[in-house]
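*Asks:* need coordinates for the below:
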Amino acid sequence: MKKIRYIILSSLLFFVFISYAYAAPTSSISVNKSQVEAGQSVTATVTIKNAAAWNIKINGTGNTNGCSTSAADATSNGKNTTKSFTLTCKANSTGVIRIAYSGDATSEDGANVSVSGSKAITVVAPRVKSNNNNLRSLSVDGGEISPEFNQDTLEYTVSFEPGTEKVTINAEKADGYASLNGTGEKDVVEGDNRFEIVVTSETGNSKTYVINVVVKEYAPINVTVDGLTYSVVRKKDNLVKPDNFEESSVQIGDDTVAAFYNEKLGKTLVGLKDENGLIHLFEYNDGEYSKFYELKSNQLIINIIKMDSKLIPKNYSKYEFKFNDEILDGYKIDSKSKFVVVYGIDEVTGEKNLYQIDTQNNTIQLFNNDYEKILTKYNNLGYIVCGALAFIILIEFVIILLSKNKRKKFVKKVKNEKIEKVKEEAIKDAKKDTIESKKNEKSEKKLDK
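*Replies:* Numbers count the residues shown, from 1 in each chain. Okay, here's the model as predicted:
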C-alpha cells in the first residue's frame, strides 16, 4: 500500500515539475486609473510572464492623441523571465480611451503563443477644482482645546501639567483634495508653545490654524535683580547655550536648575525670565545675579566686566551705546565718536583687556591707545604754539608801550624846546620894543626943546 502511494506521489510531483518547467508564456494588462478627466493622462502596464523572447505592440485609441509603443527582445541567457512594458496616453476630450496590446511570446522550450488584451478608460469633463481649505476637526491627545473647535475659528489654547514634554496634534481636512501640514507629535517645553496647522486647498489657497500648547510651570523661583522681578528657568530646553560654555547645573534652593559654565571665565550662567516672558542669561554666584553681556565680532567673543577707574583712558568719558539691541555702558573720547572702549574677558583665552567697539559696524578689537597718544602730542604742541604766540604778543605790546613813552618824551621835549624858543623870542622882542620906545622918547624931548 505504501509503495502504491509513493508511486502516485512521485508521478504527481513529476507532472507538476514538468508543467512548471514548460509553462507557456502568459500576459496581462492593467491601468492606473479607470477614469480620467479630459486633459489628464492614464498609464497602462502590459506584463509578460514565462517568456524568453517577445514581440509586443501597445496602442491607445479613442479620445486621445496618438500614443503607441513596441518591444521586441529576448533574454541574454535564453531563460524565461517576467517583463513589463508601459504606455501613457493623454485624454483630449470626453469619451473612452482603449489601450490594447498584441503580439507573441516564446518560452525557453520554444513554445510560441500569441498574446493580446485591452483596457477601456472613461474620460469625463474636468472637475471644477475645490477652494475648500477648512478643517473638519482639530484636537490634541490628552487635552481639551479652547474654544470648542469651529472651522472658522483660527486660534486655540490647550493646557498640560508640568513636566509634559510631548503632545500629539490631530486634524482632519474638510476636503479630500486639500493638503494638510503641521499635525503629529510635537516637542513642548514649559510655558507657551505655538504650533501652526496649515490647510491648502486644491486651488492653492492656504488657511492657518494655531494651537497654543501651554505647559504649566512648577512653583516659580522668583528673584529680584536691579529692582526687577524674574523667575528662574529650570530646563535647558528653554535656554540657548552661549559659545565657549558647557552645559551644567546649579542648586538653587531645593531645585536643580539648568546652567552653563565657562572654566576660563570661572562663571556660571542661569536663565531668568522677565515679566514679559523674555529669557535672559545672568551670572550666578552664591545667590547673587548679574546681567551677562556677551559681545561677538568675527572670531572674538568677550564678556563685559566692570572697568576700574584707573583703566579709563585719559580724556574719555562714560556714554551709553547700543550693540546688537543691547544698551551698554562704555567710554568715548567725545559724544560724536563711533568708537567705544569697554573692559572685558576673552572667553577663549580668559585674558582681560580694554576693547574698542565700532558701534557703526558692530565690530570689536583690542583697544589701541595710539589715538590718545597722538591727541596728547598734538595738544602739547598746541600748548607750545599758543605759549609762543602769547610771548610774541607780549613782546610786541611792551615794545609798543616803550615806543609810546619814548614818543611822549620826545613830543614833550619838542614842546618844551618850542616854548623856550618862543620865550626867548618874546624877550628879545620886548627888549627891542623897550629900546625903540626909549629912542622915541628921546626924539620927542628934542623936538620939544
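
*Asks:* drop to CA atoms for contacts and neighbour counts, all remaining ones
*Replies:* Noted.

*Asks:* for stretch 100-111, buried residues please.
*Replies:* Neighbour-count burial for stretch 100-111, counted by 16 or more other Cα atoms under 10 Å, picks out Ala100, Tyr101, Ser102, Gly103, Asp104, Ala105, Thr106, Ser107, Glu108.

*Asks:* now do the SS call for the second one.
*Replies:* Counting by DSSP: H, G, I helix; E, B strand; the rest coil, the backbone at Tyr101 sits in strand.

*Asks:* tabulate the buried residues of stretch 100-111 (JSON lines), appending pLDDT and distance to Val225.
*Replies:* Shown next, in JSON lines, are these (pLDDT from 0 to 100; distance: Cα to Cα, whole Å):
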{"residue": "Ala100", "pLDDT": "96", "distance to Val225": "83"}
{"residue": "Tyr101", "pLDDT": "97", "distance to Val225": "84"}
{"residue": "Ser102", "pLDDT": "96", "distance to Val225": "87"}
{"residue": "Gly103", "pLDDT": "96", "distance to Val225": "89"}
{"residue": "Asp104", "pLDDT": "96", "distance to Val225": "90"}
{"residue": "Ala105", "pLDDT": "95", "distance to Val225": "88"}
{"residue": "Thr106", "pLDDT": "95", "distance to Val225": "90"}
{"residue": "Ser107", "pLDDT": "94", "distance to Val225": "89"}
{"residue": "Glu108", "pLDDT": "94", "distance to Val225": "90"}
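
*Asks:* as a markdown table, those residues with distance to Gly163 would be great.
*Replies:* Formatted as a markdown table, the buried residues of stretch 100-111 follow (distance: Cα to Cα, whole Å):
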| residue | distance to Gly163 |
| --- | --- |
| Ala100 | 64 |
| Tyr101 | 65 |
| Ser102 | 68 |
| Gly103 | 69 |
| Asp104 | 70 |
| Ala105 | 68 |
| Thr106 | 70 |
| Ser107 | 68 |
| Glu108 | 69 |
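
*Asks:* ok, those vs Lys216, which is closest?
*Replies:* Using Cα to Cα, Ala100 is the member of these that sits closest to Lys216, with 66.1 Å.

*Asks:* how near is that closest one to Asp346?
*Replies:* Remark: distance between Ala100 and Asp346 (Cα to Cα, to the nearest Å) = 79 Å.

*Asks:* likewise Asn59?
*Replies:* 77 Å.

*Asks:* please apply the same query to Leu278.
*Replies:* For Leu278 relative to Asp346 (Cα to Cα), the value is 27 Å.

*Asks:* looking at those two, which one has more neighbours?
*Replies:* For Leu278 versus Asp346, the count of surrounding residues by other Cα atoms under 10 Å is larger for Asp346: 19 against 10.

*Asks:* helix/strand/coil for Glu148?
*Replies:* Glu148 is classified as coil under three-state DSSP.

*Asks:* which residues sit in contact with the residue nearest the centre of the chain?
*Replies:* Nearest to the mean C-alpha position of the chain, counting by Cα atoms, centre = their mean, stands Asn324 at 12.1 Å. Shown in contact with Asn324 (Cα atoms under 8 Å, 6 or more residues apart in numbering): Asn362.

*Asks:* all helices for the protein, in order.
*Replies:* If DSSP state H is used as the criterion, the helices of the chain fall at 2-21, 370-448.

*Asks:* ok, now which ones touch Ile121?
*Replies:* Lys33, Ser34, Gln35, Val36, Val96, Ile97, Arg98.

*Asks:* highest neighbour count among those residues?
*Replies:* Ile97 (26 neighbours).

*Asks:* any idea what it is bridged to?
*Replies:* Assessed by DSSP bridges, Ile97 has beta-bridge partners Gly62, Ile121.

*Asks:* and the pLDDT at it?
*Replies:* At Ile97, the pLDDT value in this model is 96.

*Asks:* lowest average pLDDT across the helices of the chain?
*Replies:* helix 2-21 (a mean of 48).

*Asks:* circling back: how about the contacts of Ile121 in CSV, adding distance to Glu202?
*Replies:* Listed next are the contacts of Ile121 as CSV, based on distance: Cα to Cα, whole Å:
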residue, distance to Glu202
Lys33, 20
Ser34, 22
Gln35, 19
Val36, 17
Val96, 26
Ile97, 26
Arg98, 29
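
*Asks:* among those residues, which one lies nearest to Leu239?
*Replies:* Closest to Leu239, out of all of the contacts of Ile121 and judged by Cα to Cα, is Lys33, at 53.0 Å.

*Asks:* so the closest one touches Val42, yeah?
*Replies:* Yes: with contacts counted by Cα atoms under 8 Å, Lys33 reaches Val42, the gap being 6.2 Å.

*Asks:* where does pLDDT dip in the protein?
*Replies:* Along the chain, segments meeting pLDDT under 70 span 1-22, 297-299, 369-388, 397-398, 401-423, 426, 429-449.

*Asks:* map the structural domains onto the sequence of it.
*Replies:* What automatic domain parsing lists as the domains of the chain is 2-124, 135-215, 222-370, 373-449.

*Asks:* one step back: out of the buried residues of stretch 100-111, the closest to Ser114 would be?
*Replies:* Nearest to Ser114 among these, with distances taken as Cα to Cα, is Asp104, at 4.2 Å.

*Asks:* how much space separates the closest one from Thr61?
*Replies:* Taking Cα to Cα, one finds Asp104 at 21 Å from Thr61.

*Asks:* show me what the residue lying closest to Val270 once chain neighbours are set aside is bridged to.
*Replies:* Once flanking residues are discounted, Val270 sits nearest to Ala259: 4.8 Å by Cα to Cα, 6 or more residues apart in numbering. Assessed by DSSP bridges, Ala259 has beta-bridge partners Ser248.

*Asks:* list the contacts for Ala259?
*Replies:* By Cα under 8 Å, 6+ apart, the neighbours of Ala259 are Lys236, Glu247, Ser248, Ser249, Val250, Thr268, Leu269, Val270, Gly271.

*Asks:* what is the neighbour count of the second one?
*Replies:* Read that as Glu247. 14.

*Asks:* that one contacts Val257, correct?
*Replies:* No: at 11.0 Å, Glu247 does not count as touching Val257 under the criterion of Cα under 8 Å.

*Asks:* rewinding a little: filter the contacts of Ala259 to the buried ones?
*Replies:* Lys236, Ser249, Val250, Thr268, Leu269, Val270, Gly271.
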